[in-house]
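Q: from the sequence below, what's the structure:
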Amino acid sequence: MGSGSSKPAAAPTSQVWTSETPVRFSNGMVDSLQSSPETDSTRANTLELHIQSRVNSELKRLQERAAADYKELQIKISAQESSDSKKKESKSAGDTLRDLGRESVQNDVKELKKKLEQRKKLADVDDSVEKAKSEVVKCLRDNDRRPLDCWK
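A: Sure, this is the predicted structure:
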């Protein structure tokens, strides 16, 4: 701990890795690589252009699909609006309100009746419980500063 320096004493030497088995390429492959006019940068440029063209074609396809979907939705909405307006013309406003109002009012009345019945069940308490409760409250009020032993 601290006895050795944290920096290396000499500049790092370069390491060369040698393969245990020799690597051999066929003469045809070596000749084709050497005679090829293509370089790494031209391959990269060709690949980049290919990717850009595929992305552009995909974007065009998606835009055309979105435009077709938009037109289809517009047609559906306009058809629905026209059918709704025809229904409204055939039925008077009062009739539609009566139909909607009658059902909703009946449902509301049923829900309120259920809630009232539940509250009645909670309010019904035995007389003995009421008597014990009032005695405890009276004891607590009478013995304001004393320990709470009113339950005895």
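Q: Lys115 sits in which helix or strand?
A: helix 93-123 (DSSP states H and E).
Q: how far does the helix or strand where Asp31 lies sit from the chain's center?
A: Taking DSSP H and E as the criterion, Asp31 maps to helix 27-35. Centroid separation between helix 27-35 and its chain, computed with CA atoms, centre = their mean, to the nearest Å, is 56 Å.
Q: how far out from the middle of the chain is the helix or strand just after it?
A: Toward the C-terminus, helix 27-35 is succeeded by helix 40-90 as the next helix or strand (DSSP H and E). Distance of helix 40-90 from the chain centroid (CA atoms, centre = their mean) equals 24 Å.
Q: any weak-confidence spans in the protein?
A: For the chain, residues meeting the criterion pLDDT under 70 lie at 1-12, 86-97, 99, 120-125, 147-152.
Q: separation between the residue positioned nearest the centre of the chain and Ile77?
A: For the chain, the residue lying nearest the average C-alpha position, counting by CA atoms, centre = their mean, turns out to be Ala66 (23.1 Å). Here Ala66 is placed at a distance of 16 Å from Ile77 (CB to CB, to the nearest Å). In this view, the C-beta of every residue, glycine as well, is placed from N, C-alpha and C.
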